[in-house]
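Asker: Turn this into a structure:
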Amino acid sequence: MLYAAVLILLATGVLHSYLGEARILGPLFALPPQGVMKSRRVRGILRGAWHITSLAWAGLAIVLVLAAGTAFEPAAVWTTVAIGATTALVCLASWGVTHPGFIAFTICTALLVVQRLA
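Answerer: You can find the predicted model right below:
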């Protein structure tokens with residue numbers, strides 16, 4: 001179950017970056033800039049923060065793999081559960097149950113909880 005969660009985290013990170021560029025950031029940056037979006041720095045921070053989030057999920061996946069079977073595994077799993085559950089709730093609050101992130105992080109979190117409690 002741990003490795004299934006790892007694959008979900010990696011896939012979610014890749015899809016988050018790709019779909020975010022295609023469906024959110026690209027169209028947003030194609031609009032005539034208004035307000036704070038006139039700042040090149042703000043646009044850069046927004047794009048960077050978007051992709052750093054994707055990298056963070058990949059980082060969590062790597063930590064899970066490296067911690068598997070060690071004394072650090074419980075801490076890595078419960079940290080990922082906390083982050084995953086929080087992410088799922090944010091997705092749920094902002095979009096609803098159809099948000100891909102809600103679905104992915106709910107499944108990932110459930111897999112890790114079941115793996116730890118089994």
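
Asker: quick one, helices of this structure?
Answerer: 2-20, 26-30, 40-67, 73-94, 100-117 (DSSP state H).

Asker: for the residue nearest to the spatial centre of the chain, what are its contacts?
Answerer: Closest residue to the average C-alpha location of the chain: residue 57 at 4.9 Å, with Cα atoms, centre = their mean. Taking Cβ atoms under 8 Å, 6 or more residues apart in numbering as the criterion, residue 57 is in contact with 9, 10, 12, 13, 16. Where C-beta positions appear, they are placed from N, C-alpha and C, glycine not excepted.

Asker: again, but for residue 14
Answerer: residue 54.

Asker: Could you check how far residue 10 is from residue 3?
Answerer: Counting by Cβ to Cβ, to the nearest Å, the gap from residue 10 to residue 3 is 10 Å.

Asker: Give me the more crowded residue out of these two.
Answerer: Summary of the neighbour comparison: residue 10 and residue 3, criterion other Cβ atoms under 10 Å, with residue 10 having more neighbours (17 against 13).

Asker: Low-confidence stretches in this protein?
Answerer: Within the chain, no stretch has pLDDT under 70.
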